[in-house]
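Undergrad: could you look at this predicted model? Sequence included:
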Number of protein chains: 2
Amino acid sequence: MKMSRVMQCAPERRRADVNAGWYRALPSRKPHLVTRVNSALYAEPVIATSEDVARRAGVSRATVSQILNGRGQRFAVETRERVTQAASELEYQPSAAGRTLAKGSSDIVIAVIPYTTFGGNLQDIFQTATEELATRGLTLLLHLATDSTAPLDRVVTGMKPRAVISLTPFSRAELDLLKSRGVLAFDPQSASSKVRTDPNVDIGALQARYLVDRGYESLVFAHLQDARLDPFGEGREEGVRRVCTEHGLPEPMIIRLGIDPDDALAAIDSIKLPGAGVVCYNDDVATALLSAATIRGWKVPDEVGFIGMDHTPLSAVTLPPLSTVGYDQRAAAYNLITAALHGLGESVDDREPMDVKFALVPRGTA
Amino acid sequence: MKMSRVMQCAPERRRADVNAGWYRALPSRKPHLVTRVNSALYAEPVIATSEDVARRAGVSRATVSQILNGRGQRFAVETRERVTQAASELEYQPSAAGRTLAKGSSDIVIAVIPYTTFGGNLQDIFQTATEELATRGLTLLLHLATDSTAPLDRVVTGMKPRAVISLTPFSRAELDLLKSRGVLAFDPQSASSKVRTDPNVDIGALQARYLVDRGYESLVFAHLQDARLDPFGEGREEGVRRVCTEHGLPEPMIIRLGIDPDDALAAIDSIKLPGAGVVCYNDDVATALLSAATIRGWKVPDEVGFIGMDHTPLSAVTLPPLSTVGYDQRAAAYNLITAALHGLGESVDDREPMDVKFALVPRGTA
DNA sequence: CTGAAAGCGCTTACAG
DNA sequence: CTGAAAGCGCTTACAG
């Protein structure tokens, strides 16, 4: 197999201070990356070190470090300016490895992404988080959870992240690992002391209460069944149960389906109709069931009702459009980050907790 | 704002070799992470260094390094065993920072995730990639692209990743940055020398040809319009154009819409019907248009046809189910990783390029 | 107000 | 077959 267009050549370490007029001798050992294609095309990459900055500013590396890390109050203004100036002229970026080694922990925050079914919101949430953390000098990197925690261990132990965060609760195994490796960990359980209960219970209850208000007297909870983990379903189901109890309704019927026409038809056929209101795990589940109900000739929302969760874009274009629950994803991410910053000892005085605002979006299916 | 359940306390550096019976003195400087909650609850984390391993195995750190990095052939079998044994007993994980500093580049590969609309496949793809790279001792971490390349610069310059990869072409700015920082970069353009043309052109052509075969004589291309970048739409449109030319059909009409009922209705109303075949950017767009056409009373697929792209789970449960194009995401990821490994100088003799197998999924909408 | 020195954990010639 | 030593780039007491 031939590969083409390797876009970069090996970095040459060389004197970054071009004004100085000479180049640091190349290290005698061979650079580790030796692939070199079209090297003539590219200017030799130049990576400045704190030593380069120090030399250009005419100070010591210690001084550079102090000033660039915000402990520069005690230095002469003039010195400070020379240093920051030199740093920006050289496009100086401190080496994470060097800092990590010296300080014992890096400026990296790792977000663990569970193997679970997220909406397209995931990206938005972490985008926001990336930017927020960047303003604090922290770098957010995502790590996809795998079956074993071995890769997580590599990341955590190897990179010494400042913290590990997750939008879903950590598994027992993850918690143990993080603990034994001495890493700060934050998940929704730790995000806010206000949240005493699993928010999923509230979500399920919100969905169920809506259906009850609309007159459905027998409730169904439809789980999503796929290869992935489901950290939310249990809580949602519990919320539905509570509402049934509250209103003296019979226990909810529990069904499970994948996003698949046969699954959906079987699920619909298993429900006692007409008259049921179906609380769905998410909008995808609701969409599948809606189609199945339509195929079977049930009238929606008169003979059967559905409520989804997530307020996905597609939920607006089903026929009829899906009743669902929306929420402010940014707020969810914001709260997680706030908790993490707080735990990291950063000041969060300016960060009021945001209301995630779970809210009904009443539309055509219930 | 009060935070609760900070799950970990600060790591204590201490002697990992518990058998030795004493603890390395704590460093006199304060550990950087000072937050300490419920520390009594947790065993003090123990992080072994190569020195600990060396001591326990009764060899030098140099020897440990050689053996653990696969350059141990020349050592006595007995020595090798003592070392690997000691390493596993201590749960030794080499410090990424230390290695990076010593070697000049880390074992990290960064995948840049563009701010674009992906299917839920993204996760699967990178999951696979994470595992594949792990078997080579490389750690995959995801970085979300932001408007500015500053965060990328921090990551790249700070972490000295072995390579930066992306499933979509890098932007000019990203390329310049990567180049100037001397980092190996791989994107689909560099993934395979066999791919002379943008695969998106082929995809668009595949969709269009299918519609032509089914008898639609005027084609429409429906772009997805949202806040995100669209690295694919241009190529797909071009593919449709070529097919029109090939078959002597008029130029395709171009429409744009978000996943929104009003957008979709307006889009449908702007098309000359009956008789058009609509090549859709993805299954979501197709779903939105399908609903709009149904609302307007057009018969699908007789009066208007739709073909989506992605073969999402939801595409199976629309009414009628969506005709679409599927492909092997794993193959796409596999090829990208192969290219990256090759460029990294790893042996890829055992990695035949995989066929991504774009394939029609004929169903009910065309 | 500033710098010399030590040390973080690793790897790599090099010497034996 | 194995180890002593230097060095990667940074930060932090400490001394002046």
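TA: That came through, no problem. These numbers were taken from a predicted model, which means no experiment stands behind them.
Undergrad: contacts and neighbour counts: CA atoms only from here.
TA: OK.
Undergrad: check contacts around the residue most central in space within chain A.
TA: Taking Cα atoms, centre = their mean, the centroid of chain A lies closest to A:F126, which sits 4.4 Å from it. Contacts for A:F126 were tallied using Cα atoms under 8 Å, 6 or more residues apart in numbering or on different chains; they are A:333, B:144.
Undergrad: quick one: name the residues of the stretch 251-366 of chain A near chain B.
TA: Proximity of the stretch 251-366 of chain A to chain B, by Cα under 8 Å from any Cα of the partner chain, involves residues A:259-261, A:284, A:287-288, A:291-292, A:313-314, A:316-319, A:339, A:342-345, A:348-349, A:352-353.
Undergrad: give me that answer again for 10 Å
TA: A:258-262, A:264, A:284-285, A:287-292, A:294-295, A:312-321, A:338-340, A:342-345, A:348-353 (Cα under 10 Å from any Cα of the partner chain).
Undergrad: and the residue in the stretch 251-366 of chain A that DNA strand C sits nearest to, how far is that from DNA strand D?
TA: Of all residues in the stretch 251-366 of chain A, the one sitting closest to DNA strand C is A:L344 (20.4 Å; Cα to the nearest atom of the strand). Distance of A:L344 to DNA strand D, given as Cα to the nearest atom of the strand, to the nearest Å: 14 Å.
Undergrad: looks to me like A:L336 is in a helix.
TA: Yes: assigned with DSSP: H, G, I helix; E, B strand; the rest coil, A:L336 falls within a helix.
Undergrad: for the least confident helix or strand in chain A by mean pLDDT, C-alpha coordinates in CSV please.
TA: Lowest by mean pLDDT, DSSP states H and E among the helices and strands of chain A is helix A:188-191, with a mean of 68. Extracted C-alpha coordinates of helix A:188-191, given in CSV (Å, rounded to 0.1, in the frame of the first residue of the first chain):
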residue,chain,number,x,y,z
PRO,A,188,-23.0,15.0,37.0
GLN,A,189,-23.3,13.5,40.5
SER,A,190,-20.6,15.8,41.6
ALA,A,191,-21.6,18.8,39.5
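Undergrad: A:A62 - how many residues pack around it?
TA: Burial of A:A62 is recorded as 11 neighbouring residues (other Cα atoms under 10 Å in any protein chain shown).
Undergrad: any idea which helix or strand carries it?
TA: Assigned by DSSP states H and E, A:A62 belongs to helix A:61-68.
Undergrad: A:A134 against B:R154, yeah?
TA: Yes: counting by Cα atoms under 10 Å, B:R154 is a contact partner of A:A134 at 9.5 Å.
Undergrad: between the two, which one's more packed in?
TA: B:R154 (20 against 17).
Undergrad: what's the angle between whatever helix or strand that one lives in and helix A:150-159?
TA: According to DSSP H and E, B:R154 maps onto helix B:150-159. If you take axes from the mean of the first three to the mean of the last three Cα atoms, to 10 degrees, helix B:150-159 sits at 80 degrees to helix A:150-159.
Undergrad: hey, C-alpha coordinates of helix B:150-159 in CSV?
TA: Extracted as CSV, the C-alpha positions of helix B:150-159 are listed here (Å, rounded to 0.1, in the frame of the first residue of the first chain):
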residue,chain,number,x,y,z
ALA,B,150,-5.1,28.9,18.8
PRO,B,151,-6.3,26.0,20.8
LEU,B,152,-5.0,23.6,18.2
ASP,B,153,-1.7,25.3,18.4
ARG,B,154,-1.6,24.8,22.1
VAL,B,155,-2.3,21.2,21.7
VAL,B,156,0.1,20.6,18.9
THR,B,157,3.0,22.6,20.2
GLY,B,158,2.4,21.7,23.8
MET,B,159,1.8,18.0,23.5
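Undergrad: ok, the closest residue to DNA strand C within the stretch 101-250 of chain A - contacts?
TA: Closest residue of the stretch 101-250 of chain A to DNA strand C, Cα to the nearest atom of the strand: A:A102 (3.3 Å). Shown in contact with A:A102 (Cα atoms under 10 Å, 6 or more residues apart in numbering or on different chains): A:96, B:97-98.
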